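> Show me how the following folds:
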Amino acid sequence: MSTHSNRLAGETSPYLLQHARNPVDWYPWGEEALARARSEDKPILVSIGYSACHWCHVMERESFEDERIAGIMNDAFVNIKIDREERPDLDHIYMDALQTLEGNGGWPLNMFLTPDGRPFYGGTYFPPRPAHNRPSWEQVLMSVDHAWKERRTDLEQQAEQLLEHMRKSNEFGMGVPRNFSIPVQEMFTRRHAAMIAENLLKNADREAGGFGRAPKFPQTFSIRYLLEYHRHTGDEEALRHALLSLDGMIRGGIHDHIGGGFARYSTDRDWLAPHFEKMTYDNALLVLAFCDAWQVTGQERYREVIHRTLGFVERELLSPEGGFWSALDADSEGVEGKYYTWTLYEVREVLGKASGLFEAAYDITGPGNWEHVNIPRLLRDLPELARERGMDPAELERLMARDRAALLARRAERVRPLLDDKVLLGWNALMNQAFSRAYAVTGEERYLVIARRNMDFLLSAFRDGQGFHHAWKGEGRFPAFLDDKAALVGALVALQEVTGDLSLLRLAGDVMEGVIRDHGDGDGPFFFYTPAQQEDVILRKKEVYDGAVPSGNAMMARNLHVLGVLLDRQDWKASAAGMVDRLHEAITRHPSSFGIWASLLQELAVGTLELVVTGPGALENGRAILRMFSPNSVLLMALRKETGFPLLEGRVREGENAFWLCRENQCRKPVNSLVEFTQLIELEYQR
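Take a look at the predicted model:
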């Protein structure tokens, strides 16, 4: 490896800093690199990855640390390294280009651009020598360099055609919307909701849980949809598959049984072998799903996995300032999963003669259950094992907790995976929602303390006179993107719901106004990913697909609807319905790609319950209501009279507790008993 530093040495991203001593003359994305490409009339090589990306590390070791390969790159190209988590806007653009060219994508993403930034060729991982019908990285470099010198006009034309295709594919949602004098419940019906459930279940793995085959991602949006659908319809198949999926993940190796938390996805059908990186957003979204499952079933394993997952987050991802770091790498000592796997000898060395029970519970064997080592997993639930062995389930759990703690202490002595210690606004807002919701369903005060402190940090560290930032590592960097702000609005609403702090709701409305101003499209209902003030991208994209994280537009549609209800903004509610209307066919046919949209469509079909709790006991009573599973509802709590909230007007009675159940701001006669109110709510779900 080179002993000199390149231009990445001054960056803060852990991923970019990993490449700071490569012999490649890397630049960060910025005017310096782009100006050099224009002045020297050289093509640009953009290489995009992230710190927890296994194949990014492999390609760095094999190619970017090679002096000879670096020499070719430096001679022929202006080389730019991008952390996709710092600049998801650029990643979206060039990933779309690759998928258009090749029909697939992934990371590392290596794209070749004209000097003015238009993509013309690319790929993902390339090996150091030709293998598996893939050319070597050196062959790719030489071929592109030759083509640029000999057939530049063809490449320029290809780049322009590709960019034009991307522009046209970004023009969805135009045209005249439907007449919104039609009641929303006639536009979106329970039949639409049923079709979504049917289409999700067509792709269900009825044996192992989840959807499709390997590789298998959590797909929490689809699972949560099925739980909500069951609540509205009583459909047992939807409930059964949602719980089968969550149980499969809880038992599997994708779940870190020793330290808590979940890896990003499973490489196999049975949830055994993950790619071992742990991402903040995955753990946030899984906690939200487990909160639903705990409310629906009351089964202790769901509450336990909430506690253990958030325990991991607090222990390993919570910064001293109150932010959540981004990720833990899959690799340590250059080996994927080494930190998390065990040999039988190691387990027996730590647990001694008492290890047999742990071995039986967690599938620890001499040959190993994955590549000659063991990934701890439960072959069956611990209560089932206790029955088999004639043990008290509580005693077995106590023994297993003791053994897990001993193994965790031993694991802490190992070389840890790299921590990506940048803090991202959108991912933090998702985790903030998870802590707020976990507090709501479990009553654990610590979760509320962490959520409040995190929100205080986000509002101070990420905001300045110009607006919000996307990333923070000692200072805010990059203008916030659509999904950052949309997730923040959702977090403000969720935190308001558990605290009764209406100033958070006012702030959510203010942030929404800014998003509409800076990201709105006057020609259609959808929002641009980048703000209007940002000028260093060749295309302002609109993202609608819900992937590993919710799309900014899906979160915005939900925010527009929820805040429209809470703040009586009929224009916002109509905008949300208009967004769903433009996509409703795709949502219905392909719900796994539109999971957040699907839940909103279902809410538009069944209507939103407006729950208003007032009086001196409002906080206590409201929190009791939040422990119910009440999807497609909003809650406002007020101890005293408040202005600016139509749902509260005339509904606060001095010194008297009152409960109001409303729809479309039309309320039933209030009741004064929490028991009676919860019965009224229950009846609404049985309609």
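
> measure Ala586 to Val544 for me?
To Val544, Ala586 is 8 Å away according to Cβ to Cβ, to the nearest Å. The C-beta positions use only the backbone N, C-alpha and C, and glycine is treated the same way.

> what do the two both touch?
Jointly contacting Ala586 and Val544 under the rule Cβ atoms under 8 Å, 6 or more residues apart in numbering are Phe594.

> quick one, which of those two is more surrounded?
Each of Ala586 and Val544 has its neighbours counted (other Cβ atoms under 10 Å); Val544 has more, 22 against 15.

> before we move on, which element is Asp91 in?
helix 88-102 (DSSP states H and E).

> Quick one: residues in contact with the next helix or strand after that helix.
Counting by DSSP H and E, the next helix or strand C-terminal to helix 88-102 is strand 109-113. Contacts with strand 109-113, where a contact means Cβ under 8 Å, 6+ apart, come from 37, 43-49, 77, 84, 91, 94-95, 97-98, 119-124, 126, 140, 144, 159.

> Mind listing the strands strand 109-113 pairs with, and their directions?
strand 44-49 (antiparallel), strand 119-123 (antiparallel) (DSSP bridges).

> Give me the buried stretch members for it, please.
Within strand 109-113, the residues that count as buried by 16 or more other Cβ atoms under 10 Å are Leu109, Asn110, Met111, Phe112, Leu113.

> Export that strand to CSV, keeping only CA atoms.
Extracted in CSV, the C-alpha atoms of strand 109-113 (Å, rounded to 0.1, in the frame of the first residue of the first chain):
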residue,chain,number,x,y,z
LEU,A,109,-20.5,1.1,-8.1
ASN,A,110,-17.9,2.1,-10.7
MET,A,111,-19.2,4.6,-13.4
PHE,A,112,-17.3,6.3,-16.2
LEU,A,113,-18.5,9.8,-17.0
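
> Who are the contact partners of the nearest residue to Gly547 once chain neighbours are set aside?
Excluding the flanking residues, the one nearest Gly547 by Cβ to Cβ, 6 or more residues apart in numbering is Ser593, at 7.7 Å. Contacts of Ser593 were listed using Cβ under 8 Å, 6+ apart, and they are Tyr545, Asp546, Gly547, Ala586.

> Let me know the average pLDDT across the helix or strand where Val489 lies.
Assigned by DSSP H and E, Val489 falls within helix 482-499. The pLDDT scores in helix 482-499 average 98.

> Stretch 422-434 now?
Rounded mean pLDDT across stretch 422-434 is 98.

> Measure how far it is from the centre of its chain, please.
9 Å (Cα atoms, centre = their mean, to the nearest Å).

> Repeat that for stretch 195-211.
Worked out by Cα atoms, centre = their mean, stretch 195-211 lies 21 Å from the chain centre.

> What are the buried residues along it?
Ile196, Ala197, Asn199, Leu200, Leu201, Ala204, Asp205, Ala208, Gly209, Gly210, Phe211.

> Go through the residues you listed and flag which are in helices.
For those, the ones inside helices are Ile196, Ala197, Asn199, Leu200, Leu201, with DSSP state H as the criterion.

> hang on, the first one packs against Arg589?
No: no contact is recorded between Ile196 and Arg589 when judged using Cβ atoms under 8 Å, the distance being 9.0 Å.

> Would you mark the buried spots in stretch 315-329?
For stretch 315-329, the neighbour count (16+ other Cβ under 10 Å) marks Glu316, Leu317, Leu318, Gly322, Gly323, Phe324, Trp325, Ser326, Ala327, Leu328, Asp329 as buried.

> Show me how far that stretch is from its chain's centre.
How far stretch 315-329 lies from its chain's middle: 15 Å, per Cα atoms, centre = their mean.

> Okay, strands next: where are they in the stretch 401-550 of the chain?
Using DSSP state E, counting those that start in this stretch, the strands of the stretch 401-550 of the chain run over 419-424, 463-464, 467-472, 476-479.

> Could you point out which of those strands sits nearest Lys149?
Comparison of the strands of the stretch 401-550 of the chain against Lys149 by Cβ to Cβ identifies strand 476-479 as nearest, at 34.9 Å.

> for the closest one, packing partners?
Judged by 3 or more Cβ pairs under 8 Å, 6 or more residues apart in numbering; DSSP states H and E, the packing partners of strand 476-479 are strand 467-472.

> Excluding covalently adjacent residues, which one is nearest to Arg36?
Excluding its sequence neighbours, the residue lying closest to Arg36 (Cβ to Cβ, 6+ apart) is Val78, at 5.4 Å.
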